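Participant: test case, fold it:
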Amino acid sequence: MDTPLNYRTIIQAVLQEHADYRNSANSPYRLRILVDETRDNYALIDSGWEGDRYFHSTPIHIEIIDGLIWIQNDETESGVARDLLDRGIVQQAIVLRFRHPKVRPHTGFAIAS
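Facilitator: Coordinates of the predicted model:
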């Protein structure tokens, strides 16, 4: 069984992979990783200037709450849950917070509220 310590390592590796991929592209925006291990809060911050327009968003936001991984926001194409599963985290340890609680029982992931 994975532990929150292992979750932290895996989440940070996934975020780093996303940041490295995006930052290697020719884009005026940069992804930065935000890590708060004390509160188990992890995010990617996407920001930058394109001409006169400033852009700022949080395409991935994950928290560890009561031993479960809560994906608060996921704007990736393939899904950050898939990345976590590919690294050995079981579906029952992942809550898709961005899905309505009525839908969660049908996802195969944890349904904590």
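Participant: give me the buried positions along the longest helix belonging to the chain.
Facilitator: Identified as the longest helix of the chain according to DSSP state H is helix 4-24. Of the residues in helix 4-24, Pro4, Tyr7, Arg8, Ile10, Ile11, Val14, Leu15, His18, Ala19, Arg22 count as buried by neighbour count, 16 or more other C-beta atoms under 10 Å. (C-beta placed from N, C-alpha, C; glycine too.)
Participant: could I get those in a markdown table, plus columns for pLDDT and distance to Arg32?
Facilitator: Listed next are the buried residues of helix 4-24 as a markdown table, based on pLDDT from 0 to 100; distance: C-beta to C-beta, whole Å:
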| residue | pLDDT | distance to Arg32 |
| --- | --- | --- |
| Pro4 | 71 | 23 |
| Tyr7 | 96 | 21 |
| Arg8 | 96 | 18 |
| Ile10 | 97 | 19 |
| Ile11 | 98 | 15 |
| Val14 | 97 | 15 |
| Leu15 | 97 | 10 |
| His18 | 92 | 11 |
| Ala19 | 92 | 7 |
| Arg22 | 83 | 10 |
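Participant: now, the most widely separated pair of the residues you listed?
Facilitator: The two members of those with the most space between them (C-beta to C-beta) are Pro4 and Arg22, at 26.6 Å.
Participant: CA atoms only: put the lowest-mean-pLDDT helix or strand in the chain into PDB for me.
Facilitator: In the chain, the helix or strand scored least confidently by mean pLDDT, DSSP states H and E is helix 4-24, which has a mean of 91. Extracted in PDB, the C-alpha atoms of helix 4-24 (Å, rounded to 0.1, in the frame of the first residue of the first chain):
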ATOM      1  CA  PRO A   4       1.300   9.800   1.700                       C
ATOM      2  CA  LEU A   5       5.100  10.000   1.500                       C
ATOM      3  CA  ASN A   6       5.200   7.900  -1.600                       C
ATOM      4  CA  TYR A   7       2.200   9.900  -3.000                       C
ATOM      5  CA  ARG A   8       4.200  13.100  -2.500                       C
ATOM      6  CA  THR A   9       7.100  11.800  -4.500                       C
ATOM      7  CA  ILE A  10       4.900  10.400  -7.300                       C
ATOM      8  CA  ILE A  11       2.800  13.600  -7.500                       C
ATOM      9  CA  GLN A  12       5.900  15.800  -7.700                       C
ATOM     10  CA  ALA A  13       7.400  13.600 -10.400                       C
ATOM     11  CA  VAL A  14       4.200  13.800 -12.500                       C
ATOM     12  CA  LEU A  15       4.100  17.500 -12.100                       C
ATOM     13  CA  GLN A  16       7.700  17.800 -13.100                       C
ATOM     14  CA  GLU A  17       7.100  15.700 -16.200                       C
ATOM     15  CA  HIS A  18       4.200  18.000 -17.300                       C
ATOM     16  CA  ALA A  19       6.300  21.100 -16.600                       C
ATOM     17  CA  ASP A  20       9.300  19.800 -18.500                       C
ATOM     18  CA  TYR A  21       7.200  18.800 -21.500                       C
ATOM     19  CA  ARG A  22       5.400  22.100 -21.700                       C
ATOM     20  CA  ASN A  23       8.500  24.200 -21.000                       C
ATOM     21  CA  SER A  24      10.400  22.400 -23.800                       C
END
